[in-house]
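Novice: fold the stuff below for me.
(chains A, B, C and D, ligands or ions: 4)
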4 protein chains.
Amino acid sequence: MTRIPLVIDTDPGIDDALAILLALASPEVDLRLVTTVHGNVDLALTTENALRVLQLAGRSDVPVAVGARASLIHPQPERAGHVHGAEGLGGVQLPPSPARLDPRPAVVALAELLAGSPEPVTVAAIGPLTNIALLLAVYPEAAARIDRLVVMGGSAARGGNVTAAAEFNIWSDPEAAAAVFGSTVPTVMVGLDVTLPTVLSEEGIARFAAAGPVGATAAAILQQYLDHARDAYGVPGVVVHDALALTEAIAPGTLGTVRRDVVVDTTLGAGRGQTLVDRRSVSPSPTAVEVAETVDSEAAVEFLVSRLSRLDGQVLPG
Amino acid sequence: MTRIPLVIDTDPGIDDALAILLALASPEVDLRLVTTVHGNVDLALTTENALRVLQLAGRSDVPVAVGARASLIHPQPERAGHVHGAEGLGGVQLPPSPARLDPRPAVVALAELLAGSPEPVTVAAIGPLTNIALLLAVYPEAAARIDRLVVMGGSAARGGNVTAAAEFNIWSDPEAAAAVFGSTVPTVMVGLDVTLPTVLSEEGIARFAAAGPVGATAAAILQQYLDHARDAYGVPGVVVHDALALTEAIAPGTLGTVRRDVVVDTTLGAGRGQTLVDRRSVSPSPTAVEVAETVDSEAAVEFLVSRLSRLDGQVLPG
Amino acid sequence: MTRIPLVIDTDPGIDDALAILLALASPEVDLRLVTTVHGNVDLALTTENALRVLQLAGRSDVPVAVGARASLIHPQPERAGHVHGAEGLGGVQLPPSPARLDPRPAVVALAELLAGSPEPVTVAAIGPLTNIALLLAVYPEAAARIDRLVVMGGSAARGGNVTAAAEFNIWSDPEAAAAVFGSTVPTVMVGLDVTLPTVLSEEGIARFAAAGPVGATAAAILQQYLDHARDAYGVPGVVVHDALALTEAIAPGTLGTVRRDVVVDTTLGAGRGQTLVDRRSVSPSPTAVEVAETVDSEAAVEFLVSRLSRLDGQVLPG
Amino acid sequence: MTRIPLVIDTDPGIDDALAILLALASPEVDLRLVTTVHGNVDLALTTENALRVLQLAGRSDVPVAVGARASLIHPQPERAGHVHGAEGLGGVQLPPSPARLDPRPAVVALAELLAGSPEPVTVAAIGPLTNIALLLAVYPEAAARIDRLVVMGGSAARGGNVTAAAEFNIWSDPEAAAAVFGSTVPTVMVGLDVTLPTVLSEEGIARFAAAGPVGATAAAILQQYLDHARDAYGVPGVVVHDALALTEAIAPGTLGTVRRDVVVDTTLGAGRGQTLVDRRSVSPSPTAVEVAETVDSEAAVEFLVSRLSRLDGQVLPG
Ligand SMILES: [Ca+2]
Ligand SMILES: [Ca+2]
Ligand SMILES: [Ca+2]
Ligand SMILES: [Ca+2]
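Specialist: Ligands and ions are numbered 1, 2, ... in the order given. The predicted structure is shown next:
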């Protein structure tokens, strides 16, 4: 089987941690690079967390390159430490990694990987889109070699989470998102429309928690998020936004998408950071985005749970 | 039975015409005043159309006062003559009315009616909100006497119609809408969330068309709209937005509403004219808006059809 | 001599008080109406101050009509009590007026005066432009009868005072200013370009202070402003912005104006409230504004000082 | 004498060509790198023009690295081919250069030069600020090694040239300019305040035209610009904006600067691209900009003319 070369651009973050573990548990993809970005917490923490999550799964060989420390133009108004814990992993202290950081800036590492890969590369962007926008600007030819860009971010019909209108990742750097969604890179938008209904229940968590030490640690990381999700969204389980985007990256077609024109609100008004998805028609434009509008949530959750269990050597059906 | 004193602020417009006829056919309300506003077509035409629709139903005694000819701040980018016909009533030429216009500006006529009415007054605003915003600014005490302001406009979860994000009435004067939705006037927002699923079928139209000359004329006015709706929205029937707002004004509780914070996008960006409805929670704010989120569309259509038939003396069940 | 009928739209305010007194001291104009508006302080205070200033000069016969209590769309971020004193007249307590307010809203009173005046009327607008914008919207025909609208507000080349970009009056209601400057009403913009260099010295103040009780009171009102101007602008005297606009209203041609296209920044960005004056060319547009760009400051100050002295019966040369 | 290492980031462009020649004629600086950017004309043309201008002066050894082909977020509304000629050098066809382009993107070449230079490096940015903003984002540590960033762009008190409010370079990429002016890089803003009064007369042009073939070619390039300046600004000569920025880069202190807070208007309103310079006070902020407010225009022009003459081996006084 040919494995899909994969890069994860991430700001761990609890659901980022799950997403990385999901990728490592999935034989369909070959995680070649992790690039870090500011977002849920500061860049130094997201970078450290990325290293430690890889180490948790015994994969400190995956290179980690450090990306943008701030949004492109206007500072992100606030981090999400209240959701992810002050250090970003729900209060869980993972052991440090022996690995050293890639000496190249994330954008350079990513561009060189894209330029050098004989196979088409999938990029899963599960934090603010700052790095990806920079890649498009500095290395337009390399960016053109992205096979699929799977973005966790935005909302078509669900409204926002961080504000009434905006989803956190897009709101964190609307200008970057505008540049990315306005480009011709083949992009899938995995937004709140599909993530909010996809709830990982406590029972599901218990299953991979029982699989072994990695699963148990993943479950521990989720605990604070579980508490927050119950309070903030009233859902009896956790919405692991980023992991659903990874599922689509690993198993293309998991989500039902429609090709739409998407404009990101870059004004300074109340709509800032909103993804304005034109749902009135299917778009023929080369800059249109594949917007995920439907999901088999039960199947997606089962995929996640069974895969995470594999990290401890258990193979569940699914 | 005490009848609810009613004012309709309108820009006829095909569905405005239906809405006015619906009010005249409904014994629950006493139509005391019609105020006109620019919108679907120019003010001179909306005013002439208002006069003629009243005359069609034999009610040229209802006073008509002329309102704003333009949006408050920024000009409305375009009219909707392509939807409503160049003269606003779908190409149908109604006979002129013998009535003379109220000599007062709409805002003054409305303020004096509000100040002088012993009973609480309902205002149905089914065009751009320019007149209502002016009323709030010039006569804040009179505005405080509005019992219910039922607005046809906006969208919570459906996206827009005139743009990807904005509904036509709000987009026509976003600054006015911002002032109105930001006020403490008790306001019901009847937006695309409830109007789009409420489709008046050709069969329903045929029923009131058969009731007599008024019904037949109403059906003729709808014909062009029927064609447009089929082409633009792909719906097998017509969406008579304004008539649904009138239904709620006539029969409070027709629509299921939730109290929400609503901000109107007054930026010059792609979201201009959008109603940003915070669906994350119910709002306790005194400026919150009752957003119509649910509708029994079948019942609403039946109400409209049976009422319109009454204008020709027929009483249908419903 | 035919006297010019004059209306002052005002938010007293220290320099508004001077401006009103200047008008009363000037035989060229006939002050027919004072309309009040929110601005430097709350509407209740600006209205009370207008009544008392008229009474100070023995002219409680001039009608006062109450205008807008708030900006058209977005609330004014802050008042200017730190400049004008908490009650708006520099801490001076004037005796109350026996006069009663005009029962009509300012906009109605102004419209009726305009409609009924056989001679062309000058309107001096020396506060936020809320009332004037409402007049244009509700009574467009009456507004067309304004002979000259002399506005204190804005800045072409001097930058702002309340922000880096915006002058206080325009910033207090940018949307209203956009509507007014975008209209075809013949408008003179008396902005910081001409007011800042026109400094009333302590010596000048001493002259009218010595003229009698009215002059002495005017001087007392100025004292706090004098202190503020010294601190905020570093000028050895007071800049009586509004009085210069009145001088132009009383003696047309006092200021050198150039016909310019002016756009008011109504965005929510850092430029909000700025008057974007296109200085690249003279404008032939019917909506162009006569922007005051040059002033004989010495003559303007002498005019003010000598006129104010007349209120106490003294006729100085000038 | 220690020469100042210099990088020119440029979009030639007529005045860019003059600026490059001025740098090459000046022994105080050592031109180490030219980076190109979209702007006056498309990137392919600005790059080709940069190569050819270097070759004109016999300096095809200076490396040229290709930068951004488009603005960071929103496309530049229009190029300036009407000013600079369709190909950017006033219709003059320079001979091609034998040099090959630096294989690195401009941002990488610039970052590596900065990181590797033992001496502090001056960067003269005389086009849209896209490359510089990308450098700050991708290589923040390298950017911190810029000794002086001398920007041609913006306007404090002069209004705009491309719009009523905005100067061309800033307007071409306002978001990039916002990022740069908001950073702590020591920045000098050489805007219209100092460039517009600094007019290179036909007589001055004639002097270096007579110096030899390079001067004659420079004069030929200026001819179309001379025509445009006469028409557009009514000035009897050419305003060589970029060359004045280079003069300040070569001879620090040429311009009188004041430390100001500068915000770039990134809204979509009429002020877009304006540099909002807070002229009310001197700023102590680490992100403040040294805004050039005064210039000895005669001396600056003499400096330019005499230096350009040196390229043909002539040493004039000055
Ligand atoms: Ca994330
Ligand atoms: Ca309507
Ligand atoms: Ca005032
Ligand atoms: Ca240039």
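
Novice: would you pull up the residue in chain A closest to ligand 3?
Specialist: Of all residues in chain A, A:L268 sits closest to ligand 3, at 28.3 Å by CB to the ion. Bear in mind the C-beta positions are built from the backbone N, C-alpha and C, glycine included.

Novice: what's the offset of the longest helix along chain A from the middle of its chain?
Specialist: Ranked by number of residues, the top helix in chain A under DSSP state H is helix A:213-233. The chain centre lies 17 Å from the centre of helix A:213-233; the measure is CA atoms, centre = their mean, to the nearest Å.

Novice: next one: stretch A:265-284
Specialist: The answer for stretch A:265-284 is 20 Å, by CA atoms, centre = their mean.

Novice: same question for stretch A:78-88.
Specialist: 16 Å.

Novice: OK, contacts around the closest residue in space to A:V214 that isn't next to it in sequence?
Specialist: Spatially, and ignoring its direct neighbours in sequence, A:V214 is nearest to A:L311 (4.2 Å; CB to CB, 6 or more residues apart in numbering or on different chains). By CB atoms under 8 Å, 6 or more residues apart in numbering or on different chains, the contact set of A:L311 is A:21, A:24-25, A:57, A:211-212, A:214-215, A:218.

Novice: now list the buried members of the residues you listed.
Specialist: By neighbour count, with 16 or more other CB atoms under 10 Å in any protein chain shown, these hold A:21, A:24-25, A:57, A:211, A:214-215, A:218 as buried.

Novice: closest one to ligand 1 out of those, please.
Specialist: A:L21 (13.5 Å).

Novice: which stretch of helix or strand covers the closest one?
Specialist: helix A:14-24 (DSSP states H and E).

Novice: returning to what we had before: could you dump the buried ones among the contacts of A:L311 to CSV with distance to A:R100 and pLDDT?
Specialist: As requested, those are exported to CSV (distance: CB to CB, whole Å; pLDDT from 0 to 100):
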residue, distance to A:R100, pLDDT
A:L21, 22, 98
A:L24, 19, 98
A:A25, 25, 97
A:A57, 18, 97
A:A211, 30, 95
A:V214, 23, 97
A:G215, 28, 97
A:A218, 25, 97
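
Novice: how near is the nearest residue to A:T195 once chain neighbours are set aside to chain B?
Specialist: Nearest residue to A:T195, sequence neighbours excluded (CB to CB, 6+ apart): A:H241, at 4.3 Å. Separation of A:H241 from chain B (CB to the nearest CB, to the nearest Å) stands at 16 Å.

Novice: what segments of chain A are helices?
Specialist: A:14-24, A:43-56, A:81-84, A:106-116, A:130-138, A:140-143, A:168-172, A:174-181, A:192-195, A:202-209, A:213-233, A:241-250, A:297-310.

Novice: and the third one, what other elements does it pack with?
Specialist: Read that as helix A:81-84. helix A:213-233 (3 or more CB pairs under 8 Å, 6 or more residues apart in numbering or on different chains; DSSP states H and E).

Novice: go with 10 Å
Specialist: On a contact count with 3 or more CB pairs under 10 Å, 6 or more residues apart in numbering or on different chains; DSSP states H and E, helix A:81-84 meets helix A:14-24, helix A:43-56, helix A:213-233.
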